Every structure is written in C-alpha cells, then in structure tokens.
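Novice: I need the structure of the sequence given here:
(one chain, ligands or ions: 1)
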Amino acid sequence: MLSIRAALSRASVPRAFSRPLSTAVKPIAIAFDIDGVLKHGEHVLPEAHRAIQMLEGKNPWNRRVPYIFVTNGGGQSEDVRAQRLSKDLGVTVDPRQVVLSHTVMQSLVGSYGDKPVLMLGGPDLPPGSSRAVLEGYGFKHVYTAHDLHAYAPPSWPYADPKPEQEAALRRVDFSQVNFAAILVFHDSREWGRDIQLAVDILRSRDGIFGTVLTNEELKQRPPIPVFFSHADLLWGNEHNVARLGQRAFRIALEAVFNRVTDNAPFEAITFGKPENVTYEYAAGLLKNFAGSDPTVWMIGDNPASDIHGANDYGWSSALVRTGVFRDVEGPPAHKPTFIADNVEQAISEILKREWS
Ligand SMILES: [Mg+2]
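Specialist: Here you go, the predicted model:
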C-alpha cells in the first residue's frame, strides 16, 4: 500500500502551456465538470459558450483564467476528448486540460509500467482502442479479458470468445505471465466474465492465470492490487432509471472474492472524483497553467462527487442547477460555496467575488 501511495505522490504533470494575460490580479483557476454543467448528453448548453468566453478574456477585467475539465467519464484518450470539447465549445482545448477518470492512472506507470497488468472495462470497439489508451500512458504489458478468454475459452464457458476481437488479441503463453495488478480502466462491459477473471488473478500463485492458492496461502501473501478508475454507484443516460456504475461492479467483485476466499485481503484504490488523488493531480495541472498557486473553483452539478471532492481538497465550489442537483430534493449533502442557476452565472459570480 505504501509503495503505491508513494508512486502516486510522484505523479508528474505537464508544463504550463497557457498563462493568464496578467498577474496583476489574484490568480484564480477553474475546474469544470462536463456533464450537467457544460453539456446534457450530446447537447451543449448555450451558457457554456458564454462561460468559456468569459474565461478566455471577455470579462470586465479583460483577464484570461486558466481552466481544466475534470470528469468521471472516460473510455477514450484525452486527445479524443479534447478534440470533442474543442468542437463543442468553440475554443482550442489542449489534451492536457482534460482529466478523465483514468487519466490519473498515469501515476501508476512508475510502479507497473514494465509489469504485466490485466485491464478490465472500457469500450470493446474499435477492438484494441481501450488498451491503446493505457499503452499511451506508458504501460508496456497490458492484457485484456479478451486475451485471457481466447487463450482459455473454458475459463468463461458461458460465451464464446468474440471473433471481432481476433485481430486485436495478444496471443502469449499466459503460464509465463505474472500479473502484478488489475486496472479497471472504465466500466465493465461484461460483469460475469470480468468478475470471474479478476477473481482468478487475485487467487493465483504469483499472478499466473490458471493457478490457484489456498485461502490460507492467500492470507499470507500481499494481495495483488485492483485499481478502479472511478467510484460512481449510479449514473444517468437516456434510460428512465439510473444505471449501475463502476462502484457497483467493485461491490460485486469484492463480495464474490470475499466469499470464495473466506475474506482474504482485498486491496483496492479508486481514482476519479471525489477521490483526493484526482484533485491533487488536477491542482498540479492548474498550478502549472496559472504559473503560481491559484485559488481554485470547482464547478459541478453533483454534490456527492464534484462538491464533496472540492470540499475535501480545500477548493471553493459552485453547484449548478442544470444537472443532478435539484432544489426540490432539499439542501445538497455536500455544501458548496454557492449555488448558481447555470455555469455562466457561476463564472460571473466567481469573477465578481475574487476580483471586485
Ligand atoms: Mg456532472
């Protein structure tokens, strides 16, 4: 556990690529949540354009304000997401302004970059695209559930390996591979298979697929860690009722593992909001962009993730009424600095509070 924490604290951040036009006023910086703040699903909120323009310098002080995007979304590279945001918002968004749920997994490269890791979750199509994101971070030996299933089809006998994955498979002798960690890159697309394969690796001898330790032996050795990219229990899409998120997958995996192993140690670390490690990473980015230690404001629609994390990390925050939070449900469980009708009003209020 200690070594992982130490690795995280050494997380490197890119150097400044933009600076405020002037340092004459108190430096501030903004961290935006995306969905429910700037967008509703595919729809970009009209206030979002005006809010971004204010940060680009169209404000009474003619000052530019550095900003980044911090989302529990993911499953694609920061480059792809930045291109999408550029199109949505009508400004050039640099990939280094984008913190996806799994972006902070880059901080694990020092510990696991040269070791085999099992990646679970993330989009299956195009084949190999999820693995490519982790490889882009610097992980050199990333294997997937598809690789293991194709290597040993009876390991998940209730479905056949998927033919469309064939071209992207890594065909290696898994009896020679020592998995050092499991990375849940994004939400699992096939819980049953992924829980089975994760439990297999967690119970294995030295991380070798197809081997198994006794429960007594498992309790004697350090557990193989599992890293989750975010901890949302529920999330919303076009369906009428909220869908199960990655936290639900973790609960299921942990429960099965505990039952099968009679409570052998289970070591898990979660990234994403509201985890401190994500805010620490984001704060590092904003410090570089601002050129000094700015006062950071988080703008979000979800008290349980955006505001909770901001409060824990000591940031100010604005909760907007355009997403998850609704006044009719009572005061937010995590209290923001103030509540605004939308993101434009939030930015305008922040500039007034900080600079007037
Ligand atoms: Mg949101």
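Novice: Please parse the chain into its domains.
Specialist: Domains of the chain are assigned by automatic domain parsing as 46-101+274-355, 103-270.
Novice: Can you list the low-confidence ranges for the chain?
Specialist: For the chain, the stretches with pLDDT under 70 are 1-23.
Novice: Indicate the residue of it located nearest to the ion.
Specialist: Residue nearest to the ion within the chain: residue 36 (3.6 Å; CB to the ion). C-beta: built from backbone N, CA, C; applies to glycine.
Novice: Over to the closest residue to residue 144 other than its chain neighbours. Which of the three states is it?
Specialist: In space, and not counting its chain neighbours, residue 144 is closest to residue 119: 5.3 Å by CB to CB, 6 or more residues apart in numbering. The three-state assignment at residue 119 reads strand, by DSSP: H, G, I helix; E, B strand; the rest coil.
Novice: Wait, residue 119 touches residue 188, no?
Specialist: No: the criterion here is CB atoms under 8 Å, and residue 119 misses it with residue 188 at 10.8 Å.
Novice: returning to what we had before: may I have the beta-bridge partners of the residue nearest to residue 144?
Specialist: On the basis of DSSP bridges, residue 119 is bridged to residue 144, residue 183.
Novice: Which residues are in contact with it?
Specialist: Counting by CB atoms under 8 Å, 6 or more residues apart in numbering, residue 119 makes contact with 130, 131, 134, 142, 143, 144, 182, 183, 185.
Novice: again with residue 199
Specialist: Shown in contact with residue 199 (CB under 8 Å, 6+ apart): 253, 256, 257, 260.
Novice: go on, residue 79?
Specialist: Counting by CB under 8 Å, 6+ apart, residue 79 makes contact with residue 95.
Novice: Could you tell me whether it really is in a helix?
Specialist: Yes: Residue 79: assigned to a helix according to three-state DSSP.
Novice: before we move on, back to that, same list (the contacts of residue 119) but as TSV, adding neighbour count and distance to residue 200.
Specialist: Putting the contacts of residue 119 into TSV (neighbours: other CB atoms under 10 Å; distance: CB to CB, whole Å) gives the following:
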residue	neighbour count	distance to residue 200
130	27	20
131	20	19
134	24	20
142	21	17
143	21	13
144	26	14
182	23	10
183	25	16
185	27	18
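Novice: Now render the residues you listed as CSV, adding distance to the ion.
Specialist: Shown next, in CSV, are the contacts of residue 119 (distance: CB to the ion, whole Å):
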residue, distance to the ion
130, 22
131, 27
134, 24
142, 29
143, 32
144, 28
182, 27
183, 24
185, 20
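Novice: What is the nearest of those residues to residue 334?
Specialist: residue 185 (27.3 Å; CB to CB).
Novice: who in the stretch 1-150 of the chain is up against the ion?
Specialist: With CB under 5 Å from the ion as the criterion, the stretch 1-150 of the chain meets the ion at residues 33, 35, 36.
Novice: ok so, going back, out of the contacts of residue 199, which comes closest to residue 81?
Specialist: Within the contacts of residue 199, the smallest distance to residue 81 is 26.8 Å, found for residue 253 (CB to CB).
Novice: The nearest residue to residue 98 once chain neighbours are set aside - how many residues pack around it?
Specialist: Take residue 98 and drop its neighbours on the chain: the residue closest to it by CB to CB, 6+ apart is residue 78, 4.4 Å away. When counting by other CB atoms under 10 Å, one arrives at 23 neighbours for residue 78.
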